[in-house]
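J.: Coordinates for the following, if possible.
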Amino acid sequence: MNQAEAVTKPARVINGPHVRTERTTRWVMLHVAISLVPALLGAVYFFGIRALYLTALSVAVCVLTEYLWQKLTKKQVTAGDFSAVVTGMLLAFNMPATAPGWVVVLTSIFSILVVKQMFGGIGNNFANPALMGRLLAMVVWPGAVMQYIAPVTLNADAVSSATVLGAVKTGGEAGYSYLQMFLGEIPGALGETSKLLLLVGFAYMCYMGIVNAEAAVVYIVTVLVLTFVFGPAGLFTGDILLNLFGGGLIMGACYMLTDYAFVTRRGRLLYAVTAGVITAAIRIFSIYPEGICFGILTANCLAGGLSLLNKRHVYGTRKG
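T.: Model prediction:
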């Protein structure tokens with residue numbers, strides 16, 4: 001090629017992204033699923049083999065729904081990338097051991113088909129699919145998914161039992177020690193009870209470089225500070241350990257909040273604080289003892305607005 005040709009030949013523009021990495025979606029989701037295994041084993045230990053049945057059912061329906069939808073719409077089949085597996089596991093983890101199988105099936109279909117696939121698939125869904133499935137069940141079939149039982153390790157009868165936060169919300173006693181709450185020997189959803197095993201899985205994800213722990217920590221601290229300051233008996237009377245270990249705060253922070261990724265540190269912090277404030281407000285001022293589902297889903301829906309608040313100025317242009 002001579003100099004004249006080099007000058008006149010048009011440049012070839014290649015669209016981004018230009019970053020190449022071995023960390024594919026399949027690789028990331030596989031390790032997220034692996035990180036959930038300790039909590040799954042804990043659920044089986046505390047609530048019996050039904051915990052494994054409900055989780056397997058949810059995973060199977062999620063994967064099958066994604067596969068069939070992509071086949072019918074002639075889209076690329078991504079059902080084997082483990083994202084549907086993770087959704088199925090997290091959805092089951094948000095259900096009590098008493099949840100009927102048909103509720104798990106319907107919420108699994110809803111999570112994958114409506115929340116995920118109809119918005120363009122992984123990365124395009126506006127909210128966490130598992131939490132949306134949980135919200136659907138809470139609104140449509142509250143009696144089926146809000147009946148909790150005590151762990152079988154307590155040798156108690158399988159009768160309905162209030163969660164720790166639920167009992168305290170109605171003026172009762174927690175009924176369980178902080179150690180029991182941390183280990184998971186309390187009534188609750190399948191995957192949320194053992195904070196120890198959830199933290200083991202989260203530590204694994206941090207070690208593999210899958211998640212940034214900062215957002216999870218900021219979210220937890222925001223909830224704990226607000227629930228301590230605005231305690232049930234007046235200012236600065238909240239029980240920090242009860243709010244940390246008594247519900248699904250750690251599962252929400254480690255596995256639900258991190259579903260949304262912001263490029264900038266400021267964006268992550270805005271998102272985490274927003275979710276934390278809403279979660280705490282619901283715990284403090286509403287009739288609901290929890291608030292994880294509503295807090296994180298509301299932050300999901302506000303993610304676009306938070307991105308605008310975090311919009312950086314482009315040098316060479318006038319600030320609006």
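J.: ok, residue 70 touching residue 76?
T.: Yes: using CB atoms under 8 Å, residue 70 is in contact with residue 76, at 6.8 Å. No exception for glycine: its C-beta is placed from N, CA and C like everyone else's.
J.: For the two, indicate the residue with more neighbours.
T.: residue 70 (16 against 6; other CB atoms under 10 Å).
J.: how about the more buried one, what does it touch?
T.: Applying CB atoms under 8 Å, 6 or more residues apart in numbering, we find residue 70 in contact with 76-79, 117.
J.: out of the residues you listed, which is most surrounded?
T.: In the contacts of residue 70, the most neighbours by other CB under 10 Å go to residue 117, 22 neighbours.
J.: Next up, phi/psi of the closest residue to that residue other than its chain neighbours, please.
T.: Nearest residue to residue 117, sequence neighbours excluded (CB to CB, 6 or more residues apart in numbering): residue 69, at 5.0 Å. Recorded main-chain torsions at residue 69 are phi -60, psi -40, according to degrees, to the nearest 10.
J.: and residue 69, how many residues sit next to it?
T.: 19.
J.: Verify the contact between it and residue 114 for me.
T.: No: using CB under 8 Å, residue 69 is not in contact with residue 114, being 10.4 Å away.
J.: Contact partners for the residue most central in space within the chain?
T.: Nearest to the mean C-alpha position of the chain, counting by CA atoms, centre = their mean, stands residue 256 at 1.6 Å. Residue 256 is in contact with 90, 128, 130-131, 292, 296, counting by CB under 8 Å, 6+ apart.
J.: Start from the N-terminal end of the stretch 101-250 of the chain and give the helices.
T.: All helices of the stretch 101-250 of the chain, identified by DSSP state H, counting those that start in this stretch, fall at 101-109, 129-140, 142-145, 164-169, 178-183, 195-207, 213-229, 240-245, 249-251.
J.: Tell me the spacing between residue 102 and residue 149.
T.: The gap separating residue 102 from residue 149 is 19 Å, by CB to CB, to the nearest Å.
J.: let me redo that: residue 76
T.: Relative to residue 149, residue 76 is positioned 42 Å away (CB to CB).
J.: that older thread, closest one to residue 238 out of the contacts of residue 256, please.
T.: Taking CB to CB as the measure, residue 238 lies nearest residue 292 of the contacts of residue 256, at 16.6 Å.
J.: Assign the closest residue to that closest one other than its chain neighbours to one of the three secondary structure states.
T.: Of all residues not flanking residue 292 in the chain, residue 252 sits nearest, at 3.8 Å (CB to CB, 6+ apart). Secondary structure assignment for residue 252 (DSSP: H, G, I helix; E, B strand; the rest coil): helix.
J.: what's in contact with stretch 295-307?
T.: Taking CB under 8 Å, 6+ apart as the rule, stretch 295-307 contacts 126-128, 131-132, 135, 223, 252, 256-257, 259-260, 262, 267, 270-271, 274-280, 282.
J.: Which element, helix or strand, includes the nearest residue to residue 291 once chain neighbours are set aside?
T.: Sequence neighbours aside, residue 282 is the residue nearest to residue 291 in space, at 3.2 Å (criterion: CB to CB, 6+ apart). In this structure, residue 282 is located in helix 265-285 according to DSSP states H and E.
J.: The one helix or strand residue 92 maps to to helix 129-140, inter-axis angle?
T.: Here residue 92, judged by DSSP H and E, is contained in helix 83-93. Interaxial angle of helix 83-93 relative to helix 129-140 (axes from the mean of the first three to the mean of the last three CA atoms, to 10 degrees): 40 degrees.
J.: Could you name the helices and strands sitting against helix 83-93?
T.: Under the contact definition 3 or more CB pairs under 8 Å, 6 or more residues apart in numbering; DSSP states H and E, helix 83-93 sits against helix 25-35, helix 37-47, helix 50-72, helix 101-109, helix 129-140.
J.: Can you lay out the ones you listed as TSV showing distance to residue 217?
T.: As requested, these are arranged in TSV below (distance: least, CB to CB, whole Å):
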stretch	distance to residue 217
helix 25-35	17
helix 37-47	19
helix 50-72	27
helix 101-109	30
helix 129-140	20
